[in-house]
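Asks: predicted model, plus sequence, below.
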Amino acid sequence: MATQVPSGQRARRFQKETRLGLVRRARRMDRVLAETYPDAHCELNFENPFQLLVATVLSAQTTDSRVNLTTPALFAEYPTPEELAAANPEDVEAIIKPTGFFRAKTKSIIGLATGLRDRFGGEVPGRLEDLVTLPGVGRKTANVVLGNAFGVPGLTVDTHFGRVVRRFGWTTEEDPEKVEQEIAKLFEKRDWTMLSHRLVWHGRRRCHARRPACGACPLAPDCPSYGEGPTEPKVAAKLIRDRSFA
């Protein structure tokens, strides 16, 4: 790991950062993220845009691994929007109950399936402005689908993304849409989707909400928030959730 900048010097450095300096630092940090997480990708399992759309809605307030355990049975029973739109809500609830908030999620996924059937010919649209008209689909979900199922660049501002970019000092915004707008200005559009994956992976693996693994973070020299978590390397290494990145 690179030599750490003394805390006083660090504070002065970031206080004096210019807009150009911020852009250069952000892109430098992204390059380090790319080296640290070369396999970063969407961790929801899917075979088509419809499956990804439903899985992303189900991922709210739960883990991707839990969704991945639940969706095979759901898609085996309802493989198309038409079949899900005609489903008995109680049957859907029984399948997706492990993901939590299953009644609200059932209403959303049956509603979006109905929208796909009635307004989009049973196909998931490839435009953000269309996707966000579907029940349970906001900009975050729409960008997940666009970036990973259609190859359309987008920033996926979930809780991990927002926490990490604020710690990095890339933005001070709290509102997800404003965060998206701010971060979009720092990077080339073509980089948005992979940047999102790397930030989410970093938030899940190292930059935790309560105890970030600061002392085992390759971004420490460029991070204004270094020291929010343990800085002793051996202590910090124990906080890394995926040991292959230790």
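Replies: Now that the structure is in, tell me what you want to look at. Since this is a predicted model, take the numbers as computed values, not measurements.
Asks: can you read off the pLDDT for Val57?
Replies: Confidence at Val57, expressed as pLDDT, is 98.
Asks: tell me which residues touch Pro239, please.
Replies: Slight slip there: residue 239 is Leu, not Pro. Leu239 makes contacts with 206, 208, 211-213, 216, 229-230, as judged by Cβ atoms under 8 Å, 6 or more residues apart in numbering. The way it works is simple: take the backbone N, C-alpha and C, and place the C-beta from them, glycine included.
Asks: tell me the one of these nearest Arg103?
Replies: Distances from Arg103 to the contacts of Leu239, taken as Cβ to Cβ, are shortest for His208 (30.1 Å).
Asks: and that closest one, what is it in contact with?
Replies: Applying Cβ under 8 Å, 6+ apart, we find His208 in contact with 229, 239, 241.
Asks: pLDDT-wise, what's the bottom of the residues you listed?
Replies: Among those, Arg241 has the lowest pLDDT, at 91.
Asks: just to revisit the earlier point, just the buried ones from the contacts of Leu239?
Replies: For the contacts of Leu239, a neighbour count by 16 or more other Cβ atoms under 10 Å gives the buried set as 206, 208, 212-213, 216, 229-230.
Asks: nearest to Cys223, of those residues?
Replies: For the buried ones among the contacts of Leu239, the closest approach to Cys223 (Cβ to Cβ) belongs to Pro212, at 9.1 Å.
Asks: got any ranges where the chain has weak pLDDT?
Replies: 1-11, 243-246 (pLDDT under 70).
Asks: repeat the analysis, applying 50 as the threshold.
Replies: Regions of the chain meeting the criterion pLDDT under 50 cover residues 1-3, 244-246.
Asks: hang on, the earlier thing: now the contacts of Leu239 in a markdown table, with distance to Pro79?
Replies: A markdown table is the format used below for those (distance: Cβ to Cβ, whole Å):
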| residue | distance to Pro79 |
| --- | --- |
| Arg206 | 37 |
| His208 | 37 |
| Arg211 | 42 |
| Pro212 | 41 |
| Ala213 | 41 |
| Ala216 | 43 |
| Gly229 | 44 |
| Pro230 | 47 |
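Asks: just the ones in strands from the residues you listed, please.
Replies: With DSSP state E as the criterion, strands contain none of those.
Asks: and of the buried ones among the contacts of Leu239, the nearest to Glu35?
Replies: Set against Glu35, the nearest of these by Cβ to Cβ is Arg206 (13.6 Å).
Asks: for Thr171, state which of the buried ones among the contacts of Leu239 is nearest.
Replies: Ranking the buried ones among the contacts of Leu239 by separation from Thr171, with Cβ to Cβ as the measure, puts Pro212 on top at 17.5 Å.
Asks: what sits closest to that closest one if chain neighbours are left out?
Replies: Distances taken as Cβ to Cβ, 6 or more residues apart in numbering place Gly229 nearest to Pro212, at 3.7 Å, with adjacent residues excluded.
Asks: I'd say the one you found and Ala237 touch.
Replies: No: the pair Gly229 / Ala237 is not scored as a contact, 11.6 Å apart, by Cβ atoms under 8 Å.
Asks: so what sits against both of these two?
Replies: Common contacts of Gly229 and Ala237, defined by Cβ under 8 Å, 6+ apart, comprise 213, 215.
Asks: helices along the chain, start to end?
Replies: Assigned helices in the chain, in chain order: 7-15, 19-36, 49-58, 64-77, 81-85, 89-96, 102-119, 128-131, 139-149, 159-167, 176-184, 192-205, 233-237 (criterion: DSSP state H).
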